[in-house]
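Student: Build me a model from this:
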Amino acid sequence: FYWFWHDMEDGRLLGEKRVDWVGVSQLWEHRRGCARSGAPGAPPQRVKGTEAASERFRSDAARHLVNQGHSVFVKMKELRESAVDPANLDPKGCLDICNEYRLVLQTCSNGLYDRFRHAAERGQEPEPEAEVEYEELLQMDQVWSLCEIFFVREKHLRKHGGYVVQSLCTWVKQHFPSAAEEARALLRTGEQLPPPGDATIFWTVVYQMLFQGETATVHDLLGLHADARVPTSAVATIRQLLSDMPTLGVGDGITEFLRVWKLWQKGCQEILRTDAAFDGQPELELVLRLLAGDVGVFDELKHFADLWCQLLVARLLYTNPLARFYDLQIDIDWARSTMDAADDKVQELYYHVMTLDPFALIKGSCECFDAWSWWLPVHLIDILIGLKVKFGGHAVNLRAFLFREFTEHLMTEPSLFAIVPTYFTSCGDAGHDHLECFLERVPIESEKKALKLLRVCALHQLTRLEQSICRVMGRRAIATRQTGSALAWFTRANDEASVDMITQLANLMLRDYQEARLRGQQPDLQRKVKMILPALTLSGRMEFLRDYCAFLADRQHHRYAEAAEKLIRFFDHDAAPRWYFIDLLLDALPLLEVAGTVVFSQSDTLALMQVLEGLSVSMHSKGYLTLGHPGRQEQLEELRLALARNLASAIMCNPSR
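Tutor: Numbering: from 1, shown residues only. All right, here's what the predicted structure looks like:
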């Protein structure tokens, strides 16, 4: 199809451009068909989040996320451009980029949290929209952090055996800190455990901390128990087991750790079978069963986990601490069925990450965080493709599709137009054309906005669009009679259409000069011409202005021969407009009346007389000769007499000219 672009000032059609989007159209048709049929190639469908996304961009958190995320995206782009193989980036560099993206997410969420705290101090309720934003920012950070473990750090994990339990424990601790906060609050009190009827919160915190592997904190919490100082009590036994629990550290041997772990857990199981101190202590017995790796205890304690992934981490931690990241499917299915979390979209994203399904992850992220205009999947897929994560053949097309959708939503907010080009140029082969079409429709409210657009055009080598913007600004300057500014804009454009406009501006300057002379004024044309020196070589009419000023200077400084030569050349080369011929002839009067000197030769005088006669017999003679000014007739008579006298003198003197 053809894409037409119009002049932004007067709507005049300036040209047309053939945009070859056949491949893109075929891709979209394929995706629509897949969406109807439910095939794997179907892209995420945007149904109800478009308006919400447009509104979301007007919030402070969203604007900060987009702007700061763009800065990180630029770094990612530079990393790809500097890489030896752009399709196989350095995982360490990508991990640094991921950390910066997460820092942006955390900064936005912390800003909202501070806002909630200040509102609470003033006795105000937080805004519902801000609460939703806060929750979604936390969820995006959780998903991104989990992707770091399973995708960004995949090679590192494989290099060290693929063991993932400790990383998952760290992830749970970072993103679900409520239990840790309650534990710190209990420890700060320093009070002994209250009677059993009031101990619900205490044991809830104990179980939740055990789920996260925080054995040291649980050891300290149990120190608050009334029987903690009795050496033979069940509490003392549990505390000792927690102190002896082996952990896999950096550089530890796997074989030795496994031997110590089995020995320690076997001791837990022996105590569970033989120690009568746990009779009548159901809470402590549950703790001991958990440490002993009793699979059945997880069904009894599942209500202490908020998400299935927390239950998964607890099961792995106490039954299979050396689980590998690519061998979790059975445990994941068990945890999901136990917690019945099939309808939670965010927990579905956790599932797609842990089962190493990046395509389903990106598609689910689009559906889950649609109100953020797919900010998360856009930047996430950019990193995953750089790491050569396998998408099943859809990666490049899906990336281009997501970038186009995200950029279209950025376009709905005028203040974000400066970051749009960076994303447009990442939309694949057609991105450059998309960018040009977008910039053509950005309103130019001021010269400052025009200069910003020109910088973008220069950065992305959009020469045609740069010329169009300069022409628009030049026409605006003409409309306000800012001749110098208009010439500067047209000179910067430096194309055929601008040369025509420069010629029209030269005519306008001549008209102004002519009208001023008719009013008896003496305008300083030379000063104006000096201000537009760069434009003098772009148009024949501008060159005439330059030479005409040189003629006036020669005449003023009594260089009559040089002035006469220039004047005759104006007529020979037809450089001046015909309507200005009479002014040039009248400019010859002082030269014709130089006392004692014949400046014009016989042939030159005849040439001037011929020009005057041509103007007299022209069908526009009245307009050419008098210009509606009554004093012109007397000047013409004086000119005819001066030409006749000069011709007679030239014939008598027969000068060398």
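Student: which one's the longest helix in this protein?
Tutor: The single longest helix within the chain, with elements called by DSSP state H, is helix 91-121.
Student: Check the offset of that one from the chain's centre.
Tutor: Relative to its chain's centre, helix 91-121 lies at 19 Å (C-alpha atoms, centre = their mean, to the nearest Å).
Student: Quick check: buried residues in that helix?
Tutor: Residues 91, 93-95, 97-98, 100-102, 104-105, 108-109, 112-113, 115-116 are the ones in helix 91-121 that count as buried (16 or more other C-beta atoms under 10 Å). Quick note: C-beta positions are derived from backbone N, CA and C, even for glycine.
Student: same check, this time on stretch 292-311
Tutor: 292-294, 297-298, 301-302, 304-311.
Student: residues contacting the most centrally placed residue in the chain?
Tutor: Centrality entry for the chain: nearest residue to the mean C-alpha point is Ile419, 3.1 Å, by C-alpha atoms, centre = their mean. Ile419 makes contacts with Val66, Asn67, His70, Leu410, as judged by C-beta atoms under 8 Å, 6 or more residues apart in numbering.
Student: Give the PyMOL command for selecting the buried subset of those residues.
Tutor: Here is the PyMOL command that selects the buried residues among the contacts of Ile419 (16+ other C-beta under 10 Å):
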select buried, resi 66+70+410
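Student: tell me which of the contacts of Ile419 is nearest to Thr338?
Tutor: Set against Thr338, the nearest of the contacts of Ile419 by C-beta to C-beta is Val66 (38.9 Å).
Student: Any figure for the gap between that closest one and Phe73?
Tutor: Distance, Val66 to Phe73, using C-beta to C-beta, to the nearest Å: 10 Å.
Student: same thing with Ile97?
Tutor: Distance, Ile97 to Phe73, by C-beta to C-beta: 9 Å.
Student: Please apply the same query to Lys155.
Tutor: Note on Lys155: its distance to Phe73, by C-beta to C-beta, is 23 Å.
Student: Looking at these two, which one has more neighbours?
Tutor: Using other C-beta atoms under 10 Å as the criterion, Lys155 and Phe73 rank with Phe73 on top: 21 against 11.
Student: Let me know whether that one touches Tyr423 as I believe.
Tutor: Yes - with contact defined as C-beta atoms under 8 Å, Phe73 reaches Tyr423; the gap is 7.5 Å.
Student: Can you report how many residues lie near Arg364?
Tutor: Wrong residue type there; residue 364 is Gly, not Arg. Gly364: 22 surrounding residues under other C-beta under 10 Å.
Student: roughly how far is the one helix or strand it maps to from the heart of the chain?
Tutor: Using DSSP states H and E, Gly364 sits in helix 358-368. Distance, stretch centre to chain centre, for helix 358-368: 21 Å (C-alpha atoms, centre = their mean).
Student: quick one: buried residues of it?
Tutor: Quick answer for helix 358-368 (16+ other C-beta under 10 Å): Pro358, Phe359, Ala360, Leu361, Ile362, Lys363, Gly364, Ser365, Cys366, Glu367, Cys368.
Student: Beyond it, next helix or strand please.
Tutor: Per DSSP H and E, the first helix or strand lying C-terminal to helix 358-368 is helix 375-386.
Student: Tell me which other helices or strands that next one touches.
Tutor: Applying 3 or more C-beta pairs under 8 Å, 6 or more residues apart in numbering; DSSP states H and E, one finds that helix 375-386 makes contact with helix 60-82, helix 91-121, helix 128-147, helix 358-368, helix 395-410.
Student: tell me the mean pLDDT over the helix or strand following the third one?
Tutor: Meaning helix 128-147. Counting by DSSP H and E, the next helix or strand C-terminal to helix 128-147 is helix 154-159. Mean pLDDT, helix 154-159: 85.
Student: Just the angle for the helix or strand just after helix 154-159 relative to helix 128-147, thanks.
Tutor: On the C-terminal side of helix 154-159, the nearest following helix or strand under DSSP H and E is helix 165-175. Relative orientation of helix 165-175 versus helix 128-147 (axes from the mean of the first three to the mean of the last three C-alpha atoms, to 10 degrees): 170 degrees.
Student: List the buried residues of the helix or strand that helix 165-175 is followed by.
Tutor: For helix 165-175, the following helix or strand on the C-terminal side (DSSP H and E) is helix 178-189. Neighbour-count burial for helix 178-189, counted by 16+ other C-beta under 10 Å, picks out Ala179, Ala180, Glu182, Ala183, Leu186.
Student: quick one, what contacts the first one?
Tutor: Contacts here follow C-beta under 8 Å, 6+ apart; on that basis Ala179 touches Val205, Gln208, Met209, Phe211, Gln212.
Student: Thanks again, I'm all set now.
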